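Novice: this is the structure alone, sequence omitted:
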Ligand SMILES: C[S@@+](CC[C@H](N)C(=O)[O-])C[C@H]1O[C@@H](n2cnc3c(N)ncnc32)[C@H](O)[C@@H]1O
């Protein structure tokens, strides 16, 4: 029930600034092929489709993918390809844009390294990553749940060290609410980075 409410609400929120920035950065000469990793109901996937991309959108939740298939309309199997899958198992096509807004920190920490390698390998030179990482001050990180991947600022720099030019790392460390209205402290880093190799 709350997942359906969440999915509905997520469709009525504006896309995150890192995605808007990323779309400006992908060079025009590159093919417009994107992945939305942990796409939820697909607000960002639809935004990328509307900006001329062929979008492969995956989420581990069947309910989310069903919702995306409803909202995707005529784009489904044309320029939008939704799939139920996990970060660690998704077979990426070659991409020029990977969006992981508010999703990748849900990856099992034991599986993150492999999932990250798959994701970054898919990006061709000049392609752009945008997404969020969760910092150690977040309420959920402090709960020690064990099912979230937490990154410090230095961890994030290391992730992008070799193959990327980091365009932006914006830290949000502030009290707020979830989309379902529950109070929590958010500590997330919004990252935009361009593949240079
Ligand atoms: C906070 S929601 C964000 C959804 C979407 N990116 C958005 O901004 O509306 C996080 C999403 O990550 C998905 N997710 C969690 N763990 C996942 C995993 N291991 N593999 C793929 N998706 C996952 C959830 O099902 C959920 O839809």
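Specialist: Arrived safely, thanks for sending. Since we're looking at a predicted model, the values are computed, not measured.

Novice: contacts and neighbour counts: CA atoms only from here.
Specialist: Noted.

Novice: can you list the residues of this protein near the ligand?
Specialist: Residues of the chain lying close to the ligand (CA under 6 Å from any ligand atom) are 10, 38-40, 43, 59-61, 85-87, 101-103, 106-107.

Novice: who wins for neighbours among the residues you listed?
Specialist: Ranked by neighbour count (other CA atoms under 10 Å), those have residue 40 at the top, with 30 neighbours.

Novice: what residues are up against that residue?
Specialist: 7, 58, 59, 61, 64, 65, 68 (CA atoms under 8 Å, 6 or more residues apart in numbering).

Novice: how about a cut-off of 6 Å?
Specialist: Residues counted as contacts of residue 40 (CA atoms under 6 Å, 6 or more residues apart in numbering) are residue 64.

Novice: same deal with residue 125?
Specialist: 195, 196, 197.

Novice: burial count for the last one?
Specialist: The one in question is residue 197. Other residues close to residue 197 by other CA under 10 Å number 12.

Novice: my guess is it contacts residue 163. True?
Specialist: Yes: using CA atoms under 6 Å, residue 197 is in contact with residue 163, at 5.5 Å.

Novice: in a helix, residue 113, correct?
Specialist: Yes: assessed by DSSP: H, G, I helix; E, B strand; the rest coil, residue 113 belongs to a helix.
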